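In: Please work out how this folds:
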Amino acid sequence: MQFPIQLERIQQLPPNWFWCESSSPFGLLRSQWSLNQNQPILHTLEYVSAQTEAWEVSRKQAELPDSRLAKLWNNNQTIDWQPLSIQAVGTEFQYSVWQALLTIPFATTCSYQAIAQQIQNPQAVRAVGSAIGKNPIFYLIPCHRVLRSDGSLGGYLWGLELKQQLLNWEQSFL
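Out: This next block holds a predicted model:
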């Protein structure tokens, strides 16, 4: 139930980016994309909530450039499991944390401490939490799978209720 991700760190969004909206079982999602040789590249994917800022209307596209994103939420659809290209703006440290998040298997969880150890910086638990909080890709870079060492939810940019819903949704496929 999860795409293989090809994640690349970039310094800034390309000038030809555009955005789309799509629905999910959890509500409306907004995504930023660009095309490189007609191949879609995802830059951000975020849950739309009351605190989400307005996006540039002139850059809105009518449909997603990669239909796999819409199919992800419908378990009756077949998905082309070729890697999804993601280019994210972030620091080297954030990028290393986001790469570590991609190794968390579907419907499982780990701790912030485990991520800090995985990136070989065991003292950086708080910095790991901060980097996770800046994750620009909702669900696909699975920051919702990271819990506190005591098993409690910890934090989540889009709210703890949504984090629990995502965890429960994944568990329903087991």
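In: Distance from the helix or strand where Ser96 lies to the middle of the chain?
Out: Taking DSSP states H and E as the definition, one finds Ser96 inside helix 92-101. Between the centre of helix 92-101 and the centre of its host chain there is 12 Å, according to C-alpha atoms, centre = their mean, to the nearest Å.
In: Buried residues of it, list them for me.
Out: Using 16 or more other C-beta atoms under 10 Å as the test for burial, helix 92-101 gives Gln94, Tyr95, Ser96, Val97, Trp98, Ala100, Leu101. For the C-beta atoms, the positions are set from N, CA and C on the backbone; glycine is no exception.
In: would you list those residues in TSV and tack on distance to Arg30 and pLDDT?
Out: Converted to TSV, the buried residues of helix 92-101 look like this (distance: C-beta to C-beta, whole Å; pLDDT from 0 to 100):
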residue	distance to Arg30	pLDDT
Gln94	20	98
Tyr95	22	97
Ser96	26	98
Val97	23	98
Trp98	19	98
Ala100	25	98
Leu101	20	97
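In: wait, which of those residues is closest to Glu63?
Out: The closest of the buried residues of helix 92-101 to Glu63 turns out to be Trp98 (C-beta to C-beta; 26.7 Å).
In: Name the nearest residue to the closest one, sequence neighbours excluded.
Out: Ile141 (5.2 Å; C-beta to C-beta, 6 or more residues apart in numbering).
In: what residue ranges in the chain are flagged as low confidence?
Out: Filtered on pLDDT under 70, the chain yields the residue ranges 1-2, 50-55, 75-79.
In: which residue ranges form the helices in it?
Out: 68-72, 92-101, 112-118, 125-133, 160-171 (DSSP state H).
In: what's the closest of those helices to Ile86?
Out: The closest of the helices of the chain to Ile86 is helix 92-101. By C-beta to C-beta, the value is 9.0 Å.
In: what's next to that closest one, contact-wise?
Out: Helix 92-101 is contacted by residues 7, 9, 88, 90, 115, 118-119, 124, 127-128, 131-132, 134-135, 137, 141-143, 145-146 when judged by C-beta atoms under 8 Å, 6 or more residues apart in numbering.
In: Phe173 contacts Trp73, doesn't it?
Out: No - counting by C-beta atoms under 8 Å, Phe173 does not reach Trp73; the two are 11.9 Å apart.
In: Give me the more crowded residue out of the two.
Out: Here Phe173 and Trp73 are set side by side on neighbour count (other C-beta atoms under 10 Å), and the busier one is Trp73, at 16 against 9.
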